[in-house]
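Enquirer: quick one, what's the 3D model for this:
(one chain, ligands or ions: 2)
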Amino acid sequence: GVQRNEAPKAVLHPLWQSPLTIPGGTRQSPINIQWRDSVYDPFLKPLKISYDPTTCLHIWNNGYSFLVEFDDSTDKSIIVGGPLENQYRLKQFHFHWGAINDWGSEHTVDSKFYPAELHLVHWNAVDYPSFEDAVMEGNGLAVIGVFLKLGARHEGLQTLVDALPAVRHKDTVIEFDEFDPSCLIPSCPDYWTYAGSLTTPPLTESVTWIIKKKPIEVDEDQLEAFRTLLFTSDGEEERRMVDNFRPLQPLMNRTVRSSFQ
Ligand SMILES: NS(=O)(=O)c1ccc2oc(=S)[nH]c2c1
Ligand SMILES: [Zn+2]
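Expert: Numbers count the residues shown, from 1 in each chain. Ligands and ions are numbered 1, 2, ... in the order given. Reported below is the predicted structural model:
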C-alpha cells in the first residue's frame, strides 16, 4: 500500500493515559536495579529519619493509589543525610501493587518484581516554598522506596489496612492520625540511590530515589486488602485497583550507587 508519512502515534499507558515515554526524558523511573552494576559510594551518609506521628492527617483514594498525607507546614517530619544535600519534609506515602503476588513493585532488583512497593514522598522545603514548586525541580523531591514481600503479618501496616474499606472508592478520604510511618521502614540501613522521576503524571525528573535493600514482610490478607480498593468512584462500574505500577524505564546515562559493599 501507499506509505503515508504519519507521525508515530504516542503509545498511551492504559492506566494513566499518559505517554509511556517522556520526549527527551533522560532520568525516568522506575528502573531495574542490577545489583552487580551498582557502585558502592563510601561518601554516602546514613539516612536519618525523624517523623512525628501527630503530623499524620488522613488517607485518600486518589484514583491511582491510596495516599496517607501529612501536615508538611513545619519541619516536624523530615529526612536528612543519605545522598541528600539538605533536609526534606514528609508529604505523603502510598503504595503500588499487583493483581497477584508475582508482580506489583515499580522498581525491580536483578529483574525480580516484589508484590508491592511503598513510596514515602518528601520535598525540599529549604530551597522551595511548596511541594508543587519542588515537583518541578531536579533536587525537589526525595522518595524512599521500600519493597513488600509475602511473609509474616505486619502489625504496623494492619492499622492502615483496617482503614482501607472506608476509602474503597476514588476521591474518598478518612481521617487518620497518630501513625508513625517509620514502622514501615526496615531497620537495615542499606540502600541504593539514583536520580529519577515521578512514576505517575506529571512524571517530572525531580526525584532523588532512595531504595531500601531489605524488604518488609506483609501477609497475603494484607496484600489482598490493597486489591479490594477501586480505581472508580462510587456509582461507576467497579474497576479493582491493581497493577498500578509504571513499566520499567531505560537506565540511560545513570549509575545506581549503593550505601553498602
Ligand atoms: N510514585 S511516585 O513517583 O513516588 C510519586 C510521588 C509524588 C507524586 O506527586 C505526583 S503529582 N505524582 C507523584 C508520584
Ligand atoms: Zn509511587
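Enquirer: who's in contact with Asn244?
Expert: Residues near Asn244 by Cβ atoms under 8 Å, 6 or more residues apart in numbering: 15, 64-65, 96-97, 231. For every residue, glycine as well, the C-beta is placed using N, CA and C.
Enquirer: mind listing what whatever residue of the stretch 1-150 of the chain ends up closest to ligand 1 touches?
Expert: With Cβ to the nearest ligand atom, the shortest gap between the stretch 1-150 of the chain and ligand 1 falls at His119, namely 3.7 Å. Listed by Cβ under 8 Å, 6+ apart, the contact set of His119 reads 93-96, 106, 143-145.
Enquirer: same thing but 10 Å
Expert: 65, 67, 92-96, 106-107, 143-146, 198-200, 207, 209, 211 (Cβ atoms under 10 Å, 6 or more residues apart in numbering).
Enquirer: mind listing what's buried in the helix ranked longest in the chain?
Expert: Assignment by DSSP state H gives helix 155-163 as the longest helix of the chain. Under the neighbour-count criterion of 16 or more other Cβ atoms under 10 Å, helix 155-163 has 157, 160-161, 163 buried.
Enquirer: tell me the one among those nearest to Glu132.
Expert: Leu160 (25.8 Å; Cβ to Cβ).
Enquirer: I figured that closest one hits Phe95, correct?
Expert: Yes: contact status for Leu160 versus Phe95: in contact at 9.4 Å, counting by Cβ atoms under 10 Å.
Enquirer: which residues of the stretch 1-150 of the chain lie near ligand 1?
Expert: Neighbours of ligand 1 within the stretch 1-150 of the chain, by Cβ under 6 Å from any ligand atom: 119, 121, 143.
Enquirer: how about TSV for these, with secondary structure, pLDDT and distance to Pro181 added?
Expert: Formatted as TSV, those follow (DSSP: H, G, I helix; E, B strand; the rest coil; pLDDT from 0 to 100; distance: Cβ to Cβ, whole Å):
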residue	secondary structure	pLDDT	distance to Pro181
His119	strand	98	11
Val121	strand	98	11
Val143	strand	99	13
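Enquirer: show me the residue sitting in the middle of the protein in space.
Expert: His119 (2.9 Å; Cα atoms, centre = their mean).
Enquirer: can you give me the helices in this protein?
Expert: Along the chain, counting by DSSP H, helices occupy 131-134, 155-163, 220-226.
Enquirer: wait, which of those helices is closest to Ile33?
Expert: helix 220-226 (21.9 Å).
Enquirer: helices and strands around that closest one, which ones?
Expert: strand 88-97, strand 116-123, strand 141-150, helix 155-163 (3 or more Cβ pairs under 10 Å, 6 or more residues apart in numbering; DSSP states H and E).
Enquirer: parallel or antiparallel, list what pairs with the third one.
Expert: For strand 141-150, sheet partners with direction are given as strand 116-123 (antiparallel), strand 207-212 (parallel), strand 216-218 (parallel), following DSSP bridges.
Enquirer: for the stretch 151-261 of the chain, just list every one of the strands.
Expert: 173-175, 191-196, 207-212, 216-218, 257-258 (DSSP state E, counting those that start in this stretch).
Enquirer: and these as TSV, adding mean pLDDT and distance to Ile78?
Expert: Formatted as TSV, the strands of the stretch 151-261 of the chain follow (pLDDT from 0 to 100; distance: least, Cβ to Cβ, whole Å):
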stretch	mean pLDDT	distance to Ile78
strand 173-175	98	23
strand 191-196	98	17
strand 207-212	98	14
strand 216-218	98	21
strand 257-258	98	22
